[in-house]
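K.L.:
sequence and predicted structure, then a few things I'm wondering about:
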Amino acid sequence: MSDIINLRKNVNNLTHDELKKLRLAYKKAMRLMDNRGYAYFAGFHGIPNFWCWHGPQAKDGWPGVRLFLPWHRAYLYRFEKALQDLEPGVVLPWWDWRSANSEQNKIPNAFSETDVDGEPNSLYNYHMRFPEHNIDRETRRFPGKSLRSSDSLPHPDDIEEILDIPDNHFDEFSDSLEDIHGFIHVWTGGQTRQEGKIVSGDMSDIATAAFDPIFWSHHCMIDRLWWEWQKKNGIDEIPDHYREMSLEPFGMTVDETLDIFNLGYDYAGTETTVNGNWSRESNG
Ligand SMILES: [Cu+2]
């Protein structure tokens, strides 16, 4: 067990200072082009490395392996650690796209404001530079805008239904949560027409999604829902043959991702106000 447990909060519940710290951590990471920097970590998911795990895949001789949840948990863990090296005490927040506000406000203000205190908001976008892919521009998003249909966000009941998937059905749980997750990616990216061409947002595309600063908080929400399901059904509720599998490039096994207390963090409840004094029990 880690000595310090960091509490990941709803982004809308961050204090002014916490949000400031988060923005500063992103800003510092975004300026670094080495293995401490934002480009390095975002580059694990899509361009240029494409290590991310989605859907059922074959691994170690097993068919239909679902490592979507453990892989992204390890990913968030490593990224958060990198941010903490730059800005001690910073913790990733989660974006609750279920809330009724999201339908109206689209993206939480923390991510949608272009400037804060006269400076560019580091949670708004990131400048990607990949000459070999013809990319040299800021990330972009057109949340909730689609040229084909006007889709609405998942209803809280849809999420409850997924959380009610019984133990012993990890694969089904993982697939269902991954589907909703994919929907949110596409919803967040959205589409628009520019100079007669259809332009999609970066969150819609695996290749560029992780460069959009909101990616991490979207995945924190997914990770949190997995943790909710684990609390209900058992932390070890995952097919046995997954447990020793390695999660590249993190140098961690699936087993090492199962208990988030071992990874040094926990999730605050939606409405909980926390003032620094809490215990494992208080969050149950
Ligand atoms: Cu994702």
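P.N.:
It's in.

K.L.:
okay, CA-based contacts and neighbour counts for the rest of this
P.N.:
Noted.

K.L.:
list the contacts for the residue most central in space within the chain?
P.N.:
Taking C-alpha atoms, centre = their mean as the criterion, His219 is the residue nearest the geometric centre of the chain, at 1.9 Å. The contact partners of His219, taken as C-alpha atoms under 8 Å, 6 or more residues apart in numbering, are 72, 76, 94.

K.L.:
with neighbour count added, can I get those in JSON lines?
P.N.:
Converted to JSON lines, the contacts of His219 look like this (neighbours: other C-alpha atoms under 10 Å):
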{"residue": "His72", "neighbour count": "22"}
{"residue": "Leu76", "neighbour count": "19"}
{"residue": "Trp94", "neighbour count": "26"}
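
K.L.:
assumed Gln191 was part of a strand.
P.N.:
Yes. The assignment for Gln191 is a strand, going by DSSP: H, G, I helix; E, B strand; the rest coil.

K.L.:
show me what contacts Ile47?
P.N.:
Taking C-alpha under 8 Å, 6+ apart, one finds 207-208 in contact with Ile47.

K.L.:
again, but for Ala207
P.N.:
When contacts are counted by C-alpha under 8 Å, 6+ apart, Ala207 touches 45-48, 50.

K.L.:
repeat the analysis, applying 7 Å as the threshold.
P.N.:
The contact partners of Ala207, taken as C-alpha atoms under 7 Å, 6 or more residues apart in numbering, are 46-47.

K.L.:
ditto for Trp216
P.N.:
Leu76.

K.L.:
and what of Gln230?
P.N.:
The neighbours of Gln230, taking C-alpha under 7 Å, 6+ apart as the test, are Glu237.

K.L.:
helix or strand right after the helix or strand hosting it?
P.N.:
Using DSSP states H and E, Gln230 falls within helix 215-233. Note on helix 215-233: by DSSP H and E, the next helix or strand toward the C-terminus is strand 246-247.

K.L.:
name every strand pairing with that following strand and say which way it goes.
P.N.:
Strand 246-247 pairs in its sheet with strand 252-253 (antiparallel), by DSSP bridges.

K.L.:
residues making contact with the partner strand?
P.N.:
For strand 252-253, contacts defined as C-alpha under 7 Å, 6+ apart pick out 243-247.

K.L.:
tell me the mean pLDDT for that strand?
P.N.:
Taken as a whole, strand 252-253 has an average pLDDT of 98.

K.L.:
how big is the angle separating the strand or helix carrying Asp171 from helix 215-233?
P.N.:
According to DSSP H and E, Asp171 maps onto helix 170-189. Relative orientation of helix 170-189 versus helix 215-233 (axes from the mean of the first three to the mean of the last three C-alpha atoms, to 10 degrees): 150 degrees.

K.L.:
for helix 170-189, give the mean pLDDT please.
P.N.:
Per-residue pLDDT over helix 170-189 has a mean of 95.

K.L.:
likewise for stretch 92-111?
P.N.:
Mean pLDDT, stretch 92-111: 82.

K.L.:
could you tell me the end-to-end distance of it?
P.N.:
From its first residue to its last, stretch 92-111 covers 13 Å (C-alpha to C-alpha, to the nearest Å).

K.L.:
re earlier: now, among the contacts of His219, which is nearest to Asn262?
P.N.:
Within the contacts of His219, the smallest distance to Asn262 is 14.1 Å, found for Leu76 (C-alpha to C-alpha).

K.L.:
and Lys232, what is it in contact with?
P.N.:
Here Lys232 is in contact with no residue (C-alpha under 7 Å, 6+ apart).
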